[in-house]
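**Q** Attaching a predicted model along with its sequence, questions to come.
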Amino acid sequence: MFDYETFTLRNNGYIDKALQAKIKETKVLIAGCGMGSTIAEVMLRSGFVNLVLADADEVAEHNLNRQCFINDDINTPKTTALSKRLKSIYPNANITEFNEFIGPDNAAELISNVDFIIDTIDFIDLPGVTSLYDNASQQSKPVVSAINAGYGAIALYYPHINSCTFRQLFGLPESGSVEGISYAEKYMSIIKHLAKYLNPQIVTEMSKALGFMEDGKPCPASQISPGSYTAGTLATTIVIKHLAGETIAAVPKIIMLDLATTIKESVIDLQQ
């Protein structure tokens, strides 16, 4: 069994020893282990070895096109399957499985035991996601929310110190219950604001998914693996740069990567 220094040896040159030590000690909550599975794996391979996995879903066949699971994981709790995969990569990882959805009854305690939160909770669960952000704000714990968007990803960084809050960003009441409020409607207003910057295909597919959510159905959004792995990379990079003390665009600003556009426009001609 190899040690942590050997595991992270090839990070040298991009992550110095002091930053790698911070990464090793940082405890991260992965809230939602579907989309969060790709983030968890990129984080682990970067040296984040203290992870809390929170979700109550089981692995389904339609997850396998973009999440870090295999056929044998089907019908297994996502937290259990993901913990097994992460420990198969680095057996010494300290992985805690919390096989429940996050909500008002457990968010405060969960957040009190971690240093950073990754949010990939399903849009349909507004009370759950709001309790996550309320408690993160009260405890001054930073959050990154990341979703895949076609051949790219969108991320929001909440440092929770002198920053916009989740409730402010989504136009929710400053305090109290959010029962009966449509998260889909609130999120759609954000998508409409971003429409001129997004690939039209992304806007169309997200609008379809949000329409289903308005009817109270689980999110059936079309999603592909390049977007999921881009989200994993983007979220992990934000956390690393946060620990390094570097400047990161925080809410109400949004961070977007569209690889379909990048491969056409962000190019350098080596013959010129």
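**A** Perfect, thanks for sending it.
**Q** Show me which helix runs longest in this protein.
**A** helix 225-243 (DSSP state H).
**Q** which secondary structure elements does the following helix or strand past that one contact?
**A** With elements assigned by DSSP states H and E, the helix or strand that comes after helix 225-243 is strand 255-258. Applying 3 or more Cβ pairs under 8 Å, 6 or more residues apart in numbering; DSSP states H and E, we find strand 255-258 packed against strand 152-158, helix 225-243. No exception for glycine: its C-beta is placed from N, CA and C like everyone else's.
**Q** who wins for proximity to residue 9 among these?
**A** In terms of Cβ to Cβ, the element of the helices and strands packed on strand 255-258 nearest to residue 9 is helix 225-243, at 16.7 Å.
**Q** what's the closest of the helices and strands packed on strand 255-258 to residue 111?
**A** Across these, closest to residue 111 is strand 152-158 (Cβ to Cβ), at 12.5 Å.
**Q** Give the buried residues for the closest one.
**A** Within strand 152-158, the residues that count as buried by 16 or more other Cβ atoms under 10 Å are 152-158.
**Q** and these, which two are the farthest apart?
**A** Taking Cβ to Cβ, no two of the buried residues of strand 152-158 sit farther apart than 152 and 158, at 20.5 Å.
**Q** Give me the three-state assignment for the residue nearest the centre of the chain.
**A** Using Cα atoms, centre = their mean, the residue of the chain that lies closest to the mean C-alpha position is residue 146, 3.9 Å off. With DSSP: H, G, I helix; E, B strand; the rest coil as the basis, residue 146 sits in strand.
**Q** I'd like to know which helix or strand in this protein has the lowest mean pLDDT.
**A** For the chain, counting by mean pLDDT, DSSP states H and E, helix 200-214 ranks last in confidence among helices and strands (a mean of 72).
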